[in-house]
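Participant: Sequence plus predicted model, see below.
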Amino acid sequence: MRGAVFLGVLIGLTTLFPCYGRGHHSEELVRVEEGILDLRGLPFDYERRIPLEGEWGFYWNRLASPRTASSFVSDRAPEFLKVPGYWNEGEYPSFGTVVYTLTIYVPEESDTLGLKLKNLNPNYMLFVNGRKVYTSGMVHPEQRMSRSNSVSLVLPLVPEEGRIDLVITQSNWHTNNPGLFRTPIVGYYPVVLEDLMREKAIDTLFIGGMILLSLFLYFSFFYNRDDWTPFWLGSVVISAALYASVKGPLVLMDLLPKAGGSLRTGIIYGVLLYYPFFTFMQYTYRKGQELFKLIGKIDAVIIGLGTLFLVLADKGVYTRFELLFLSHAILLSFFVIFTLFLDLIRQKTIEAALDLTGEVLLFLAVLFSVLDNFIPNGIRSLGGYFFCFCLFQTFLQARYTGKTNLMIKVLAERNRTLKDQKDQYENQALMDHLTRVKNRRSLDSFLRKSWEMGQLLGQGIGIIMVDIDYFKKYNDAFGHKKGDACLVQVAEALSGSLKRNQDFIARYGGEEFIIVIQGADSLASLQIIAEHLRQAVEDENLPHPQSECSPFVTISVGAEFQNPARGNVAGPDELVHRADMALYLAKNRGRNRVESVSAPEKEEQAEVLEFDDQ
């Protein structure tokens, strides 16, 4: 338990490190003033990165082209706009065309510099010293021709006569957050490029980890479809991976450079729509409460309507409904958090605390991703934050799975114990407690199955009925204790003479025993077996002075044979009845003998089955 708490606190703390930081800024604050950044008097070492923050030249409702780009720098801008920031934070509307300008003065001997541009919305054309060097999306004054796109990249800047002129032109008909909100960074080209590659590598590592976690959870669901929790958690994790891939360094946009900003916008709003539903369903299936199920069904309808909107609506209107998407995510998240908080108060268990921690981590991850649109350069790695959440949730799922497996193991062990006890009780219920041979209840079941097998395979069945001669007189002479010992010894003698596993002996009642010989081939062979049984008991030499047929304990035996597949006996009960008649015939003819009511056919050759001749 302490380990689980420690892990939860540790992961919660580690999420703080990838999320905040000012970036690679200069130790000495250097700002852009009235569209100019002068670095000539500044010691510019190799490791230094300088944010291009401050007052950039700004032209509203204008577009730059390769022919006009130089004129925007040569002329003094009519006004200046703060970077980083959105141009609609002041008097200008969200939709339109703009031009940003900046002149950088560097020492004459400066090497090639690098300009890092990170996730500029919604599109742009970049001109360096009057030459177009990069285009993101399609910049156009008409909405139908304009295309959004977002990339993060580093471009080389070659100073000309100690000067670099930057012109960035944009057209926005797609988003409510246009402008240079991410601070451009300038430094030596290899260093700045390495910074961006490191950021992308870290986010790629986090996103890859989330994809692997989601696959693990989906496979867990695939092998146990009775539990949907891994499926919904896997959906949450893959949603987080998609969301992180289109934020920050834009890993997904590097993989799909021609997809455009519409894909990125669709993923962002799709995740905002689906992730709270996936999270909610995860807890719904874990708790199984009717209220959760009802809310889940209602939200499924909302999700369906939102999906139709995302599919059918123009991507340019998404941001106009941003508040609606965020409200849905926040309300559902708060409902889950509030429910888990109440569970923690009621239960006061580590599981409830971990559940609440996981949901709060997810809510904070999404909150920081939203704040990323309002806090420039505030969040370094959303992928890292989401990865920490996904790792924490997977840890919780593994914990629950481990406890479930342990419970299953315990229950399986209990089931085995109960089954062993049941088998033992059933075996005891089918045994005669005195002689330790089967009882009459067991005989009925065995005889019925043997008869059915005989009908199927065409095998014969032999019934041997045994009765101890003058047993009442034995009891009267020696007492019931000695009588019980006599019964036990006779049962052991009979059992010891049956060497085949399929031969069956049971106590029929009182001093009577019955033997079933499966696979008997004729009455003659059955009589031979019966005779050896009789002899085995007599050879025990148990004294019986009151017997009228022998000085020792003896038995009378009735033997009957029938093939169920072709005989004239109606069933096993009739065969037992005939064996009983044969037993009475043996008693009437002087006892201590074997008799049958059916004479063996003369043409049959007796095949002697194995017996114990001791």
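Facilitator: Perfect, I can see it now.
Participant: neighbours around the nearest residue to residue 145 once chain neighbours are set aside, how many?
Facilitator: Nearest residue to residue 145 in three dimensions, chain neighbours excluded: residue 138, at 6.4 Å (CB to CB, 6 or more residues apart in numbering). Placement of C-beta: from N, CA and C, glycine included. For residue 138, the neighbour count with other CB atoms under 10 Å is 14.
Participant: contacting residues for the nearest residue to residue 256 once chain neighbours are set aside?
Facilitator: Computed as CB to CB, 6+ apart, the closest residue to residue 256 that is not its neighbour in sequence is residue 263, at 6.7 Å. Under the criterion of CB atoms under 8 Å, 6 or more residues apart in numbering, the contact list for residue 263 reads 246, 252-253, 256.
Participant: In ChimeraX, how would I select just the buried ones from the residues you listed?
Facilitator: A single ChimeraX command selects the buried members of the contacts of residue 263 (16 or more other CB atoms under 10 Å):
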select :246,252,253
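Participant: wait, which of the contacts of residue 263 is closest to residue 496?
Facilitator: residue 252 (81.7 Å; CB to CB).
Participant: Tell me the secondary structure at the residue most central in space within the chain.
Facilitator: For the chain, the residue sitting closest to the mean C-alpha position, by CA atoms, centre = their mean, is residue 220 at 2.8 Å. Three-state call for residue 220 (DSSP: H, G, I helix; E, B strand; the rest coil): helix.
Participant: do you know how far it is from residue 184?
Facilitator: Distance check for residue 220 against residue 184: by CB to CB, to the nearest Å, it reads 45 Å.
Participant: Helices of the stretch 401-550 of the chain, start to end?
Facilitator: Using DSSP state H, counting those that start in this stretch, the helices of the stretch 401-550 of the chain run over 440-457, 471-478, 480-496, 523-538.
Participant: Any chance you could list what contacts the second one?
Facilitator: Counting contacts by CB under 8 Å, 6+ apart, the residues outside helix 471-478 that touch it are 468, 482-483, 486, 510-511, 544-547, 553.
Participant: Show me just the buried residues among the residues you listed.
Facilitator: Listed as buried from the contacts of helix 471-478 are 468, 483, 486, 511, 544, 547, 553; burial here means 16+ other CB under 10 Å.
Participant: Columns distance to residue 129 and mean pLDDT on top of the helices of the stretch 401-550 of the chain, output as CSV?
Facilitator: Below are the helices of the stretch 401-550 of the chain laid out as CSV (distance: least, CB to CB, whole Å; pLDDT from 0 to 100):
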stretch, distance to residue 129, mean pLDDT
helix 440-457, 99, 87
helix 471-478, 124, 91
helix 480-496, 109, 92
helix 523-538, 115, 92
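Participant: Looking at those helices, which one is packed in the most?
Facilitator: Greatest average neighbour count among these goes to helix 523-538 (a mean of 22), per mean count of other CB atoms under 10 Å.
Participant: Centre of the chain to the helix or strand that that helix is followed by, how far?
Facilitator: Reading on from helix 523-538 to the C-terminus, the next helix or strand found by DSSP states H and E is strand 555-562. Mean-position distance between strand 555-562 and its chain equals 64 Å (CA atoms, centre = their mean, to the nearest Å).
Participant: Give me the angle between strand 555-562 and helix 440-457.
Facilitator: If you take axes from the mean of the first three to the mean of the last three CA atoms, to 10 degrees, strand 555-562 sits at 30 degrees to helix 440-457.
Participant: distance of the residue located most distally from the centre of the chain from residue 587?
Facilitator: In terms of distance from the mean C-alpha position of the chain, residue 548 ranks first, at 79.3 Å (CA atoms, centre = their mean). Separation of residue 548 from residue 587 (CB to CB) stands at 11 Å.
Participant: now residue 48
Facilitator: From residue 48 to residue 587 the distance is 120 Å (CB to CB).
Participant: And for residue 539?
Facilitator: 21 Å.
Participant: what about those two, which has more around it?
Facilitator: Neighbour totals were compared for residue 539 and residue 587, and residue 587 leads with 17 against 12 (other CB under 10 Å).
Participant: Please, which helix or strand holds that one?
Facilitator: Of the helices and strands defined by DSSP H and E, residue 587 is found in helix 572-588.
Participant: what's the answer for residue 71, then?
Facilitator: Counting by DSSP H and E, the element that carries residue 71 is helix 69-74.
Participant: How about residue 566?
Facilitator: Using DSSP H and E, residue 566 sits in no helix or strand.
Participant: ok, back up a step: ok, so of the contacts of helix 471-478, who is nearest residue 307?
Facilitator: Of all the contacts of helix 471-478, residue 307 sits closest to residue 510, with 81.2 Å by CB to CB.
Participant: didn't residue 300 look like it was pressed against residue 277?
Facilitator: Yes: using CB atoms under 8 Å, residue 300 makes contact with residue 277 at a distance of 7.2 Å.
Participant: These two: who's more crowded?
Facilitator: For residue 300 versus residue 277, neighbours defined as other CB under 10 Å are more numerous around residue 277 (23 against 12).
Participant: Contacts only, for the more buried one.
Facilitator: By CB under 8 Å, 6+ apart, the neighbours of residue 277 are 296, 299-300, 303, 332.
Participant: re earlier: quick one: distance of the helix or strand the residue nearest to residue 256 falls within to the chain centre.
Facilitator: Using DSSP H and E, residue 263 maps to helix 261-287. Relative to its chain's centre, helix 261-287 lies at 19 Å (CA atoms, centre = their mean).
Participant: same thing with stretch 112-132?
Facilitator: Distance of stretch 112-132 from the chain centroid (CA atoms, centre = their mean) equals 46 Å.
Participant: For it, C-alpha coordinates in CSV please.
Facilitator: Provided in CSV are the C-alpha atoms of stretch 112-132 (Å, rounded to 0.1, in the frame of the first residue of the first chain):
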residue,chain,number,x,y,z
THR,A,112,24.5,31.0,-40.1
LEU,A,113,21.7,31.4,-37.5
GLY,A,114,18.6,29.3,-37.1
LEU,A,115,15.0,30.4,-36.6
LYS,A,116,12.7,28.1,-34.7
LEU,A,117,9.1,28.5,-35.5
LYS,A,118,6.7,26.4,-33.4
ASN,A,119,3.1,25.9,-34.2
LEU,A,120,2.1,29.2,-35.8
ASN,A,121,-1.6,29.4,-36.5
PRO,A,122,-3.2,29.1,-38.9
ASN,A,123,-0.8,29.5,-41.8
TYR,A,124,2.1,31.7,-43.0
MET,A,125,4.6,32.6,-45.6
LEU,A,126,8.1,33.4,-44.4
PHE,A,127,10.4,35.8,-46.3
VAL,A,128,14.1,36.2,-45.3
ASN,A,129,15.9,39.2,-46.8
GLY,A,130,13.1,39.5,-49.4
ARG,A,131,13.1,35.9,-50.5
LYS,A,132,10.3,33.4,-49.7
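Participant: average pLDDT for that stretch?
Facilitator: For stretch 112-132, mean pLDDT is 88.
Participant: my read is residue 55 is in a strand, agree?
Facilitator: Yes: per three-state DSSP, residue 55 lies within a strand segment.
Participant: Would you confirm that it contacts residue 82?
Facilitator: Yes: counting by CB under 8 Å, residue 82 is a contact partner of residue 55 at 6.5 Å.
Participant: Tell me the confidence at residue 176?
Facilitator: So, for residue 176, pLDDT stands at 78.
Participant: go on, residue 77?
Facilitator: pLDDT for residue 77: 86.
Participant: Look at it and give its secondary structure.
Facilitator: What three-state DSSP gives for residue 77 is coil.
Participant: so it touches residue 101, yeah?
Facilitator: Yes: between residue 77 and residue 101 there is a contact at 5.8 Å, judged by CB under 8 Å.
Participant: overlap in contacts of those two?
Facilitator: Residues touching both residue 77 and residue 101 (CB under 8 Å, 6+ apart) are 35, 57-59.
Participant: Now render those as CSV, adding distance to residue 559 and neighbour count.
Facilitator: Formatted as CSV, the shared contacts of residue 77 and residue 101 follow (distance: CB to CB, whole Å; neighbours: other CB atoms under 10 Å):
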residue, distance to residue 559, neighbour count
35, 121, 22
57, 120, 24
58, 117, 23
59, 119, 20
